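Trainee: sequence unknown, structure follows:
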């Protein structure tokens, strides 16, 4: 078990929110749409954790959790939260460097405590959510309230935008 997987498992075990479980998955099916199709979860119940960067001096970072059926509003909401003119998605290599996690396994659990965690309010409206498990071989499933227990967690209205019908 690697360091990230150990941290995620420890954080799941320490949660007060009941009903949280770690679900194993085929690493080849870790991307959200493939995972949902293969394992019978709804895209509307899946949440992606996306690292963003404020293009400031020095650069600043945050992790954002949004439903897979929405898209992160980097151009308006993220820029506004950072208070900068420019913000973007962090490249996969930078995400891995900051979190220790590969795309497809990034989770809000086990993140560095100094990394702000912004959660789109829509995520909390779901009965249950599926988030990354820290590696491409696992997901964490449970009530969305589990996110509110995480260090630096902050709920943000309209952090994401609805995905137009036919896209996703």
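Mentor: Perfect, thanks for sending it. Computed from a predicted model, the values in this text were never measured in an experiment. Residues are numbered from 1 along each chain as shown.
Trainee: When you work out contacts or count neighbours from here on, use the C-alpha atoms and nothing else.
Mentor: Will do.
Trainee: The closest residue to residue 62 other than its chain neighbours: neighbour count?
Mentor: Taking Cα to Cα, 6 or more residues apart in numbering, and ignoring the residues beside it in sequence, residue 62 has residue 116 as its nearest neighbour in space, at 4.8 Å. With neighbours defined by other Cα atoms under 10 Å, the count for residue 116 comes to 18.
Trainee: Can you report how many residues neighbour residue 57?
Mentor: Counted with other Cα under 10 Å, the burial measure for residue 57 works out to 6 neighbours.
Trainee: mind checking how far it is from residue 85?
Mentor: Taking Cα to Cα, to the nearest Å as the measure, residue 57 and residue 85 are separated by 12 Å.
Trainee: likewise residue 79?
Mentor: Taking Cα to Cα as the criterion, residue 79 is separated from residue 85 by 6 Å.
Trainee: Residue 148 now?
Mentor: Distance from residue 148 to residue 85, counting by Cα to Cα: 29 Å.
Trainee: most centrally placed residue in this protein?
Mentor: Nearest to the geometric centre of the chain sits residue 49, at 1.8 Å (Cα atoms, centre = their mean).
Trainee: Could you measure from it over to residue 76?
Mentor: If you go by Cα to Cα, the gap between residue 49 and residue 76 works out to 18 Å.
Trainee: what does residue 123 give?
Mentor: When distance is defined by Cα to Cα, residue 123 is 19 Å away from residue 76.
Trainee: who has more neighbours, those two?
Mentor: residue 123 (26 against 15).
Trainee: Looks to me like the more buried one is in a helix.
Mentor: Yes: when classified by DSSP: H, G, I helix; E, B strand; the rest coil, residue 123 is found to be part of a helix.
Trainee: How much space separates it from residue 57?
Mentor: Counting by Cα to Cα, the gap between residue 123 and residue 57 amounts to 31 Å.
Trainee: before we move on, what about residue 114?
Mentor: Separation of residue 114 from residue 57 (Cα to Cα) stands at 18 Å.
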